[in-house]
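S.K.: After the sequence you'll find the predicted model.
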Amino acid sequence: MKVDALSQFEEYLRFERRYSPATVEAYLRDAREFCAWIGRKGECVDLSLVTRNDIAEWVMSLTEGGHKATSVNRATSAIKSLFRLLHGRGIIPTNPAALIGTQRVPQRPPTFIQADRS
């Protein structure tokens, strides 16, 4: 199921969502990394067996691994999109990612340009 699901996901991102090539590659990389993490041996388990807790643990592992909130949010968005697609097409019975939230991203203070007072 993994290969078929990821190929469907790629087609969905490219042709239905019309994401940029960079976004497609990032989402696919995140999906592959998630599958490897779930399988723990580099092999993805049946995605219909993934639970909300599995996804939450993966998100926590990214955070604890030192990833920035923006990177964790992009990865979370990719996984949410993958499971939304699989559930929408009837490939999996429920969407375990439906209630997974994103992290708060700290805002940077604005920078000001000094006016030339000559």
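M.R.: Arrived safely, thanks for sending.
S.K.: Every contact and neighbour count from this point should use C-alpha atoms.
M.R.: Fine.
S.K.: pLDDT wise, what is residue 86 at?
M.R.: We have a pLDDT of 95 for residue 86.
S.K.: and the closest residue to it other than its chain neighbours, which of the three is it?
M.R.: Leaving aside its sequence neighbours, residue 86 sits nearest to residue 92 (Cα to Cα, 6 or more residues apart in numbering; 5.8 Å). The local conformation at residue 92, judged by DSSP: H, G, I helix; E, B strand; the rest coil, is coil.
S.K.: how far away is residue 92 from residue 77?
M.R.: 18 Å (Cα to Cα, to the nearest Å).
S.K.: Please apply the same query to residue 12.
M.R.: For residue 12 relative to residue 77 (Cα to Cα), the value is 14 Å.
S.K.: One more: residue 116?
M.R.: Taken as Cα to Cα, the span from residue 116 to residue 77 is 44 Å.
S.K.: Quick check: which element contains the closest residue to residue 82 other than its chain neighbours?
M.R.: Leaving aside its sequence neighbours, residue 82 sits nearest to residue 9 (Cα to Cα, 6+ apart; 6.2 Å). Using DSSP states H and E, residue 9 sits within helix 2-11.
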